[in-house]
Structure formats: structure tokens, C-alpha cells
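# pasted the sequence and its predicted model underneath.
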Amino acid sequence: MRGISCPGPIVEAKKLINGLQSGEVLKLVSNCPGIKSDIAGWTRATGLKLLDTVETAPGEYEFFIAKARP
């Protein structure tokens, strides 16, 4: 979701997460300023699991988010 301003990446990620089965992982790529703290807070608040965060280029991140098992 490069080039999409916050909270756009989280809004789109929510739509994608809703389509996943429990335990499946979403890879989200974003260069939105502030996305690291936004993703961390969102996953905590929604019961998702942030598995990993990788900075692939300056200011660009890959987030691996698992849908929690029931």
C-alpha cells in the first residue's frame, strides 16, 4: 500500500484480514509516515498478532500480521 496516507493502509488491511482464516498471515507493505506505531496499536487493540516488522528501504516497512486463533 505504498503511497497511501494513514489511516488508509490500516483500513485496507482490515478488509483483507476479515477475509483470512484464523492463523493465516497478511503481509502489509507501506511507506506511510507513522505506520509503525499505527500498526502496533491497531494489532494490540484488535487482538491480531504482529509477527514481524521489516524495514525494506528507508521509511518503507513490511508487516506480517496473523489473524488470531479462536
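Looks like it came in fine. Just so it is clear, the structure is predicted and the values come from calculations on it, not from any experiment.
# what does the helix or strand containing K14 contact?
K14 belongs to helix 8-18 when assigned by DSSP states H and E. Contact with helix 8-18 is made by 1, 4, 26, 28, 30, 32, 35, 38-39, 42, 48, 65, 67, as judged by CB atoms under 8 Å, 6 or more residues apart in numbering. For the C-beta atoms, the positions are set from N, CA and C on the backbone; glycine is no exception.
# show me those that map onto strands.
Secondary structure from DSSP state E places 26, 28, 30, 65 of the contacts of helix 8-18 in strands.
# so can I have JSON lines of these showing pLDDT, distance to K14 and neighbour count?
Conversion of the ones in strands among the contacts of helix 8-18 to JSON lines gives the following (pLDDT from 0 to 100; distance: CB to CB, whole Å; neighbours: other CB atoms under 10 Å):
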{"residue": "L26", "pLDDT": "97", "distance to K14": "10", "neighbour count": "17"}
{"residue": "L28", "pLDDT": "95", "distance to K14": "11", "neighbour count": "19"}
{"residue": "S30", "pLDDT": "94", "distance to K14": "13", "neighbour count": "26"}
{"residue": "I65", "pLDDT": "97", "distance to K14": "10", "neighbour count": "23"}
